[in-house]
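Student: Mind folding the following:
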Amino acid sequence: MESRSRRFSSAIAVALLAMLALAPPVAIAQQQPIVLFTSKEQVPLKTYAEFMRSGVLRIVSGSVRDIPTVSDFSYFRCGLTGWAPKGVMVASEELFDSETAERRLLPVFLKPVAVSTVAVRVADLETPERIAELLRAVKAPEGGERAYFFLILSSGDMTRYYPFRIALPH
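Tutor: Down below sits the predicted model:
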């Protein structure tokens, strides 16, 4: 009886591993706690920054190479337990060097989709014209290559800024 139970457990384990190996990229992206959705793809946000005492932003997890650039924006899905989206900030890369860099805080709209997961909509990022207007407001050069958007997540007294870029057509 015990041998039969072991074989059954082994068969289940093999079946689960096979399912994971054949899982489409969408399922893998859904396992990421913070995902940026565009009209064509799902991009996990892994890199985050924090403000230092000097007032400048510094990347504390990941690197500049890991900051994604997308062509458009639809919404975020946040499932990081204990962390809540508070807004989106736009700034030029000067924010990494100067505490006086121009920045704008954009409101977000939250929609619960699971117990600890929310969809985050940012109306200001839905049109290229509004994105271009925001980039001009923070004195970022044309095209958006030197500008950043940050999804702001907060947990108690800790705040993380998840950067991404939006490339505008020239």
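Student: Tell me the pLDDT of the residue nearest the centre of the chain.
Tutor: Central residue of the chain (Cα atoms, centre = their mean): L45, 3.8 Å from the mean position. Note on L45: pLDDT of 95.
Student: close enough to count as contact, it and S61?
Tutor: No: counting by Cβ atoms under 8 Å, L45 does not reach S61; the two are 10.7 Å apart. Placement of C-beta: from N, CA and C, glycine included.
Student: From the recorded domain assignment, give the ranges for the protein.
Tutor: Using automatic domain parsing, the domain parsing of the chain gives 1-30, 32-166.
Student: Packed most tightly, which of the ones you listed would that be?
Tutor: Compared across the domains of the chain, domain 32-166 shows the largest average neighbour count, a mean of 16 (mean count of other Cβ atoms under 10 Å).
Student: for that domain, how far is the first residue from the last?
Tutor: The first and final residues of domain 32-166 sit 20 Å from each other (Cα to Cα, to the nearest Å).
Student: Ranked by average pLDDT, which of the domains of the chain falls at the bottom?
Tutor: Across those, domain 1-30 gives the lowest mean pLDDT, at a mean of 52.
Student: how far away is V43 from V35?
Tutor: 7 Å (Cβ to Cβ, to the nearest Å).
Student: Pull the residues that contact the helix or strand encompassing V60.
Tutor: Here V60 sits within strand 57-61, counting by DSSP states H and E. Strand 57-61 is contacted from outside by K46, T47, Y48, A49, E50, F51, M52, A91, L95, F96, Y161, P163, using Cβ atoms under 8 Å, 6 or more residues apart in numbering.
Student: just those now: which is nearest L105?
Tutor: A91 (9.9 Å; Cβ to Cβ).
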